[in-house]
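J.: would you be able to build a 3D model of this:
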Amino acid sequence: MNQEWSLDVLYKGYDDPEFIRDMELIPDKIEEYASVVAALGEGDVKEQLVSLLKAEEEFETFFVRLDVFLSLKQSVDGNDEQAANGVARLMDALGKVKKYEAAAERFVSSIADLPALIDSDDFLREYRYRLMHAKEEAAHLLDDGAEDVLARMDVSAGQAWGNLQSYLTSTVEVDWQGGKTNLSHIRNLAYDGDGNIRRQAYEAELAAYPKVEASVAFALNNIKSQANTVAELRGYDSVLDMTLHQSRMSRQTLDALMDSVQRFLPRFRQYLRAKGRALGHENGLPWYDLFAPMGEGGRDFTLEEAKEYLVSHFRPFAADMADMIEEAFDQAWIDFYPRPGKEGGAFCAGYPIFGQSFILTNFGGKLGDVVTLAHELGHAYHNRCLEGNRPLNTMDYPMPVAETASTFNETVIMSAAIAEADEKEKLALLDSRLSDLTQSICDIYSRYLFESEVVERRKSSFLFPARLKEIMLDAQRQSYGDGLDSEVLHPYMWVCKSHYYSASLNFYNFPYAFGALFALGLYAQYKEVGDAFVPKYRALLRATTTASVEDVAKTAGIDLTQTEFWDKSLAMIGEDIDTFISLAEQKG
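T.: Next comes the predicted model:
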């Protein structure tokens, strides 16, 4: 089994003649698209609209291939100069396209009776939601010149600051046991079975951040300043308002979600205190023991064992899911292990037009790493469900539903594992599940509070590292409460989480809470109706690129704007918390 992914479906390397050719074709492809846009407004409107969409299909397919290849090369080697140069060149070129995209959106918004025109053509009907959304987006566009300037400046502003954070956190050296290691490795030790190792790794991690905190703070300040500026220029009430619009999600849905989460936080604190007591802590759980393994189920997994575990647990749910997992392991979709220069964490870069997803993990052999694989493979399954859509309807689903399939996967595998476990294993599995949910709900809530505060304060002041640490600690105390030891938190979570470092993708936190609870609600339906749910689930995933978040949920009979749905999902977590506390007390 390959331990590193293969990108051959994209290009076979920098010396691949197709890669060399495509890099040279970048100016020509931009000119081709520009010429189609320039001709808009001349002739039959329907013919022009069809021509525009087909040009966009070709353009996006061409550039996505280059972008994915270069970005993936850079993600596993922060010192890859050729990848960095290629990404910079590509971003500079794409920045010049924004003015043409803005002109195209204005053309769409100018069509007098757009719904009737869409209904008159089978091809246009497939892009109904995209076209209607573009008509709404036009209200927030600047003039072509301003759009061009913003896009070009972003390359050396927001994107550059984001690249700096990624580079610094992937290359900073961490002192460890007389030698040097990286953040990915040291953060993986949070799952170690030895409490002394967990505490020492936590201390080593915190000791490394001062080396990069000032530079990363400048990155965060400038990215959020840019986001505030862009939101104001585009006429949004706030960065959050802009994000919700981009997410195709209403503020009513977000408020209902956050209201339910806030009311449920005391239950998470009960779980954390119980875990703390079981580990010998009387003042709440210290941060370094958040991921401490519990019970008898903390065995190590080889890659082969992880594959078998995932396949065996998903096959009863959906055979096509299990088959895809085997394909991912066998056909080198996954880059498994940490190494110097590689990004921390995990992600799935999936583009259905290539028929394959690319998954990055930093596999450490623990159950949590297997769950992470399940999560990322959920993204891959989502991508597979989109393969039947038109090209432009395969690569643009909003943030909240982006985490639905991944979190549903976590729910499926953990529920199955817990159900079949004996008493010795059940405590470990419940803890693993609750630990993940604590991150998806409790920690995400703290990140939401942190980003809200930073965005607001950045309107009038620069936030140095000391202030950012204060804001982070305050957010963690509000979210975790007395569940954690208030003297042993993590003031540097703003440094290592890449989600904060995009000027065009802000508040990438609440979608995780949304995904976790939406997935629980969907899983409850699956348990009620059985196999009949699976086709409906595939249809729901396929609809995520062609409907608002609320309308996607309606396909499963769910009203996201009411707290009732979110409360029911959280109640399922409450049942696990009660069982965990009982088992932990028995163990004690």
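
J.: give me the contact list for stretch 269-283.
T.: 195, 284-286, 289, 292, 294, 431, 434, 438, 480-487, 577, 580-581, 584-585, 587-588 (C-beta atoms under 8 Å, 6 or more residues apart in numbering). Glycine gets a C-beta too; all of them are placed from N, C-alpha and C.

J.: same question but for stretch 325-335, I mixed them up
T.: With C-beta under 8 Å, 6+ apart as the criterion, stretch 325-335 contacts 1-6, 76, 303, 307, 310-311, 314, 342, 356-361, 373, 377, 380.

J.: and the lowest-mean-pLDDT helix or strand in the chain, what other elements does it pack with?
T.: Within the chain, no helix or strand scores below helix 144-156, which has a mean of 83 by mean pLDDT, DSSP states H and E. Helices and strands in packing contact with helix 144-156 are listed as helix 81-95, helix 98-110, helix 213-233; criterion 3 or more C-beta pairs under 8 Å, 6 or more residues apart in numbering; DSSP states H and E.

J.: kindly reformat the ones you listed as JSON lines containing distance to Lys12, mean pLDDT and mean neighbour count.
T.: Shown next, in JSON lines, are the helices and strands packed on helix 144-156 (distance: least, C-beta to C-beta, whole Å; pLDDT from 0 to 100; neighbours: other C-beta atoms under 10 Å):
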{"stretch": "helix 81-95", "distance to Lys12": "14", "mean pLDDT": "90", "mean neighbour count": "17"}
{"stretch": "helix 98-110", "distance to Lys12": "31", "mean pLDDT": "88", "mean neighbour count": "20"}
{"stretch": "helix 213-233", "distance to Lys12": "34", "mean pLDDT": "97", "mean neighbour count": "19"}
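
J.: adding distance to Ala539, write the ones you listed out as JSON lines.
T.: Formatted as JSON lines, the helices and strands packed on helix 144-156 follow (distance: least, C-beta to C-beta, whole Å):
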{"stretch": "helix 81-95", "distance to Ala539": "33"}
{"stretch": "helix 98-110", "distance to Ala539": "27"}
{"stretch": "helix 213-233", "distance to Ala539": "34"}
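
J.: and stretch 47-55, what's buried?
T.: Residues of stretch 47-55 classed as buried by neighbour count (16 or more other C-beta atoms under 10 Å): 48-49, 52-53, 55.

J.: and stretch 163-177, by the same measure?
T.: Those would be 163-170, 172, 174, 176, for stretch 163-177 by 16+ other C-beta under 10 Å.

J.: okay, and which of those residues map to strands?
T.: Counted as lying in strands by DSSP state E, out of the buried residues of stretch 163-177, are 174, 176.

J.: break the protein down into its domains, please.
T.: 17-156, 303-430+510-567 (automatic domain parsing).

J.: most packed of the ones you listed?
T.: domain 303-430+510-567 (a mean of 20; mean count of other C-beta atoms under 10 Å).

J.: endpoints of it, how far apart?
T.: 37 Å (C-alpha to C-alpha, to the nearest Å).

J.: mean confidence score for it?
T.: Average pLDDT, domain 303-430+510-567: 91.

J.: returning to what we had before: show the buried residues in the contacts of stretch 269-283.
T.: When those are checked for burial by 16+ other C-beta under 10 Å, the buried set is 284-286, 289, 292, 294, 431, 434, 438, 480-485, 577, 580-581, 584.

J.: just the ones of these in helices?
T.: Using DSSP state H, the subset of the buried ones among the contacts of stretch 269-283 located in helices is 431, 434, 480, 577, 580-581, 584.

J.: Ser357 in helix, strand or coil?
T.: strand (DSSP: H, G, I helix; E, B strand; the rest coil).

J.: so where do the helices sit in the stretch 1-150 of the chain?
T.: In the stretch 1-150 of the chain, the helices defined using DSSP state H, counting those that start in this stretch lie at 17-38, 45-75, 81-95, 98-110, 114-119, 122-126, 128-137, 144-156.

J.: surely Pro400 is in contact with Ser247?
T.: Yes. The criterion here is C-beta atoms under 8 Å, and Pro400 meets it with Ser247 at 5.5 Å.

J.: what is in contact with the two at once?
T.: 511, 549.

J.: and the buried residues of stretch 163-177, which is closest to Phe336?
T.: Phe336 lies nearest to Ser170 out of the buried residues of stretch 163-177, by C-beta to C-beta, at 16.6 Å.

J.: if I look at that closest one, how far off is Asn79?
T.: Ser170 sits 9 Å away from Asn79, taking C-beta to C-beta, to the nearest Å as the criterion.

J.: so what sits against both of those two?
T.: Gly341.

J.: what angle sits between the least confident helix or strand of the chain and helix 81-95?
T.: Angle of helix 144-156 versus helix 81-95, following axes from the mean of the first three to the mean of the last three C-alpha atoms, to 10 degrees, is 170 degrees.

J.: give me the contacts around helix 144-156.
T.: 88, 91-92, 94-99, 101-103, 141-142, 226, 230, 233, 503-504.

J.: swap in stretch 519-530?
T.: 317, 403-405, 407-408, 410-412, 415, 533-534, 537, 540, 556, 558, 565, 568-569, 572-573.

J.: repeat that with 6 Å
T.: Here stretch 519-530 makes contact (C-beta atoms under 6 Å, 6 or more residues apart in numbering) with 404, 407-408, 411, 533, 565, 569, 572.

J.: nearest to Gly43, out of those: which one, please.
T.: Looking across the contacts of stretch 519-530 and measuring by C-beta to C-beta, the closest to Gly43 is Thr404, at 41.7 Å.

J.: right, and the closest one touches Leu517 too?
T.: No. Under the criterion of C-beta atoms under 6 Å, Thr404 makes no contact with Leu517, lying 9.9 Å away.

J.: can you map out the helices along the stretch 351-500 of the chain?
T.: Going by DSSP H, counting those that start in this stretch, the stretch 351-500 of the chain shows helices at 367-385, 399-402, 404-420, 423-437, 444-457, 465-480, 493-496.

J.: nope, the stretch 201-350 of the chain is what I meant
T.: Under DSSP H, counting those that start in this stretch, the stretch 201-350 of the chain gives helices at 213-233, 239-246, 251-278, 303-314, 319-330.

J.: the fourth one to helix 319-330, inter-axis angle?
T.: Between the direction of helix 303-314 and that of helix 319-330, the angle (the same axes, to 10 degrees) works out to 170 degrees.

J.: what's helix 303-314 packed up against?
T.: Secondary-structure packing of helix 303-314 (3 or more C-beta pairs under 6 Å, 6 or more residues apart in numbering; DSSP states H and E): helix 319-330, helix 367-385.

J.: go again with 7 Å.
T.: helix 319-330, helix 367-385, helix 404-420 (3 or more C-beta pairs under 7 Å, 6 or more residues apart in numbering; DSSP states H and E).

J.: so which of the ones you listed gets nearest Glu31?
T.: Across these, closest to Glu31 is helix 367-385 (C-beta to C-beta), at 30.6 Å.

J.: not counting its own residues, what contacts that closest one?
T.: Outside helix 367-385, the residues that touch it by C-beta atoms under 7 Å, 6 or more residues apart in numbering are 191, 291, 297-298, 301, 306, 309-310, 321, 324-325, 328, 346-348, 350, 352, 357, 359, 361, 363, 405-410, 413-414, 432, 436, 538, 541-542.
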